[in-house]
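Enquirer: quick one: sequence and predicted model below, then my questions.
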Amino acid sequence: MTGAARRRRLRGAIVGYGFIGAQGHVPAYLGRDDVEIVAAADVCEARRALVRARLPGAAVYPSAEALLSAEAGRLDFVDVATPPCDHAAIARRALEAGVHVLCEKPLATRAADARDLLERAVRARRVLFPVHNYKHAPVAKAIAEVIRSGRIGPVRSVTVDTFRTTHGRGVPEWNPDWRRQVRWAGGGIAMDHGSHALYLIFEWMDGWPTAITAKMTNSEPSRWDTEDTLSAVLTFPSGLARVHLTWIAGVRKVIYTVHGARGAITVDDDELQVSTGPTAVGAGAPPPQVERRTIASDWMDASHTRWFGSLFDGFLAAIDSGEYAGRDAQDACRCIEVIEAAAVSAGDGCRERRVGAPAARAHLAGDAPRTSGALSASWRSAARAAGRPPARRPRRRSRARRR
């Protein structure tokens, strides 16, 4: 569907009306004039009552299956906003129904399922687009702009620190602590915030990693079956990246650093600093040039509604251009592969794990074919999983749970 052909409002459905659906996605949709949410699904009757009040013109269903069956032929896209355990199954069913898919991260809880979704999207000629919303935070956009400008030179290393004082809470009508339960979340902070950290690193390093070593800990193993802290080092063809994610910090904060051959970027929440110029030290050495900016990015608002408009514009652009499994989708798949490899490394005494073959991410963005029925051989080679993933509980029939 081209921009010229898409003159009417897109008709969408949201599956899962939890915190992120109700507080993040739906308010953003209601502020746009190019989309209308005509259907919604949730397994919780109390949440269905809330969505009826918020979207009185939408048809409301008790499951994704019921929605897709009843709305067959009347939808342009489905927004998957359930817990991760159901992402792949619902996205697969939506692609089979011939609709585009916007899916919350992680795209799936297993790399094999993520790869299968990319293949299906290309075969169905429908867009698969992950909600990688941290890329759309104003300060993250500023980082990308500085890198593209060449001011700091080729990027050699990146650090990402995400501090949270607790896990993100779900809605009280269903299961507020689903993020700490592998049954629903597929993992802990690695599966939750890991995707955010990884796709940002992929963009800033302009590539995919070739290896990872990781450590995971769970401070309350008698209470939860998922990790609450992850520390990892990733090897890239151009350098190293370090990640530290935790739900047991004393403060809520993000700290990013990006180091290039001619300068560096540091971010502390909304505060951005760009240092460029001479790198020599000692008496008489000229000081570097330092630019400081405050870029309001609403980090304390967990709904990230402000970022959603820019992200949805990217989804529309992918629909217009026919990027069925474009760079964002490929990054989402690689995120799951790296998270699986991190879990294997952590369970094996932090031993380094290989993550596929080196690949030029920017080149592969154009390799997701728009006319052929399969992903390119080069992408297949680069996107193989690293090792056996952690054991999972038996998979269940998908239902429209809420995040």
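Expert: Great, that's in hand.
Enquirer: for the stretch 51-200 of the chain, what spans make up the strands?
Expert: 59-61, 77-80, 100-104, 128-131, 155-163 (DSSP state E, counting those that start in this stretch).
Enquirer: okay if I get the ones you listed as JSON lines plus mean neighbour count, mean pLDDT and distance to H304?
Expert: The way it works is simple: take the backbone N, C-alpha and C, and place the C-beta from them, glycine included. JSON lines is the format used below for the strands of the stretch 51-200 of the chain (neighbours: other CB atoms under 10 Å; pLDDT from 0 to 100; distance: least, CB to CB, whole Å):
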{"stretch": "strand 59-61", "mean neighbour count": "19", "mean pLDDT": "98", "distance to H304": "25"}
{"stretch": "strand 77-80", "mean neighbour count": "26", "mean pLDDT": "98", "distance to H304": "14"}
{"stretch": "strand 100-104", "mean neighbour count": "26", "mean pLDDT": "98", "distance to H304": "11"}
{"stretch": "strand 128-131", "mean neighbour count": "29", "mean pLDDT": "98", "distance to H304": "9"}
{"stretch": "strand 155-163", "mean neighbour count": "20", "mean pLDDT": "98", "distance to H304": "14"}
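Enquirer: E145 is nearest to which of those strands?
Expert: strand 155-163 (13.5 Å; CB to CB).
Enquirer: note down every partner strand of the closest one and its orientation.
Expert: Using DSSP bridges, the strands paired with strand 155-163 are strand 239-246 (parallel), strand 253-260 (antiparallel).
Enquirer: out of the ones you listed, which gets nearest to T210?
Expert: Using CB to CB, these put strand 239-246 closest to T210, at 10.9 Å.
Enquirer: quick one: closest of the strands of the stretch 51-200 of the chain to G314.
Expert: strand 128-131 (7.2 Å).
Enquirer: which outside residues touch the closest one?
Expert: Strand 128-131 has contacts (CB atoms under 8 Å, 6 or more residues apart in numbering) with 91, 95, 100-107, 117-118, 120-121, 195, 311, 314-315, 318, 324-326, 328-329, 331-332.
Enquirer: related to what we said a few turns ago, among the strands of the stretch 51-200 of the chain, which is nearest G18?
Expert: strand 100-104 (9.9 Å).
Enquirer: run through who's touching the closest one.
Expert: Counting by CB under 8 Å, 6+ apart, 12, 16, 20, 76-82, 84, 87, 91, 94-95, 121, 126-131, 312, 315, 319, 403 sit against strand 100-104.
Enquirer: was I right to think R92 contacts R120?
Expert: Yes: counting by CB atoms under 8 Å, R92 touches R120, with 6.2 Å between them.
Enquirer: give the contact list for the closest residue to W178 other than its chain neighbours.
Expert: Among residues not flanking W178 along the chain, W184 sits closest, at 4.0 Å (CB to CB, 6 or more residues apart in numbering). Going by CB under 8 Å, 6+ apart, W184 touches P83, P84, C85, N175, W178, R401.
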